[in-house]
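*Asks:* Here is a sequence together with a model predicted from it:
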Amino acid sequence: HISTTRGDVLKAAFERALAAAGDRCESRAAAFRVLDLGAGSGGWLLQARRELEAQLAEHGRGSCGRARGTGGGGRRRRGAAEVGRRSPPVAVHLHGVTGDSLASEIAAIAARSAARTDGAFEVAHFQQVGIETFPLRRGDAGVAAAPPAVGEEGSRFARSVGASLEGGPGYDLIVSSWTFCRLIDPLATLETWSNALAVGGALYLNDIDFSVAFEGECAGLTFTRPGGREALDPDGCCQDAEEGERRGDATGDHPVPRGRDQSAGDGLAFWERDPETRMRRAFEALHAKGDGAFSVEFAYDEEDYRTAVKVTRLSVAPIRFAPMVGYCRGRDADSGAPILDRAGRSVYSMSGVVPVHPGPAFVIRD
């Protein structure tokens, strides 16, 4: 599992990039690419830029002994002014995507552009991006009277974020905070963006939440009426049981899973009991499935109720969670329809993972 010791993943990843650039000593700066999924207003991108600028200054520029305009042949003595013009060892690309259309902090700094480029740093903030869709879709796509900036922004998006998912340069680091607990299909989204990593790159996210059933647990599930689905509650993953009761989950406004064996007396479906243990076992199974293409680690801080996931790409092979991961489907009245949890998300099914305590057959009632 991921160590519960907190660390600065941005600083550590950049240190590795600087060390690799120093080892290569190429005349052309290496690239360090970072992506923030669920970037909001883009504030973290600006914070990351400041931190990396300080880290780059501390590391020292031009460690390979090259100055701009100087060939790889003979060397000559350089004055202080020339040292200041040395090329940085790493060109940093900080990108963020968000589904929001709120005011961008980056756009405010860079005037009418949502990108800021100078020296070794490029910062770009892409808004109205559906991160759960593939191919990626942007909210401004297809707008007939789109201003020129939209077209330019679309091209920049395609060359950077879009290209990373289609065989182009991948990201050395992808981060996401307070985003995956609000997604309808978090594992499919995690699989998609894991493929945007460069080989050796890592994706870190915190606060993921999903429901999962293991081998054989979906077989006895059924519904008492067609269309017995829970309405989407985008904040449901972050609410406790008392909040659910206040919203009417136990009154029929939102159907509550009921078991034929009600000895537990809590009215919860088996996938809702100890969900963190279920998520841990799911990620352990995916890690074993990685087979040299990727690794997955999961951590749970019980004291602060925080979850975290790290995916590392180990090869150029595509990262695939299927067919191990599928969707738990009902039968009888709702034959073939996916079963949803209280947050309106499909309950995952995982083949090849035997439940420690097999869940009984459940029926979802009005």
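*Replies:* Looks like it arrived, so ask away. Numbers count the residues shown, from 1 in each chain.

*Asks:* Could you pull up the contacting residues of Ile184?
*Replies:* 132, 232, 344-346 (Cβ atoms under 8 Å, 6 or more residues apart in numbering). Backbone N, C-alpha and C define where each C-beta goes, glycine included.

*Asks:* Can you select the buried ones among those residues for me in PyMOL?
*Replies:* Written as a PyMOL command, the selection of buried residues from those, which uses 16 or more other Cβ atoms under 10 Å, is:
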select buried, resi 132+344+345+346
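
*Asks:* low pLDDT regions in the stretch 251-366 of the chain?
*Replies:* 251-267, 330-336, 356-366 (pLDDT under 70).

*Asks:* Now do Gly244, the pLDDT please.
*Replies:* Per-residue pLDDT puts Gly244 at 39.

*Asks:* Tell me the bridge partners for Gly125.
*Replies:* Careful, residue 125 is His; it's not Gly. Counting by DSSP bridges, His125 is bridged to Gly96.

*Asks:* Check whether it really touches Gly40, as I assumed.
*Replies:* No. Counting by Cβ atoms under 8 Å, His125 sits too far from Gly40 to count as a contact (9.4 Å).

*Asks:* show me where the stretch 151-300 of the chain has strands.
*Replies:* Under the criterion DSSP state E, counting those that start in this stretch, strands of the stretch 151-300 of the chain are mapped to 171-177, 197-206, 212-213, 222-223, 257-259, 294-301.

*Asks:* wait, which of those strands is closest to Phe14?
*Replies:* strand 171-177 (8.2 Å; Cβ to Cβ).

*Asks:* The closest one: partners in the sheet, and parallel or antiparallel?
*Replies:* Strand 171-177 has these strand partners (DSSP bridges): strand 30-37 (parallel), strand 197-206 (parallel).

*Asks:* tell me the average confidence for that strand?
*Replies:* 97.

*Asks:* ditto for stretch 59-74
*Replies:* Mean predicted confidence for stretch 59-74 is 50.

*Asks:* going forward, begin numbering at 17 instead of 1
*Replies:* Understood, numbering begins at 17; the last thing we discussed is stretch 75-90.

*Asks:* what's Val228 in contact with, if anything?
*Replies:* With Cβ under 8 Å, 6+ apart, Val228 has these contacts: 287, 294-295, 298, 363-366.

*Asks:* Relative to Met340, which of the strands paired with strand 187-193 is closest?
*Replies:* Taking Cβ to Cβ, strand 213-222 is the member of the strands paired with strand 187-193 nearest to Met340, at 18.6 Å.

*Asks:* so that closest one versus strand 310-317, what angle?
*Replies:* 10 degrees (axes from the mean of the first three to the mean of the last three Cα atoms, to 10 degrees).

*Asks:* Need the residues that contact strand 213-222.
*Replies:* Against strand 213-222 from outside (Cβ under 8 Å, 6+ apart): 25, 29, 49, 53, 185-196, 206, 209-210, 322-332.
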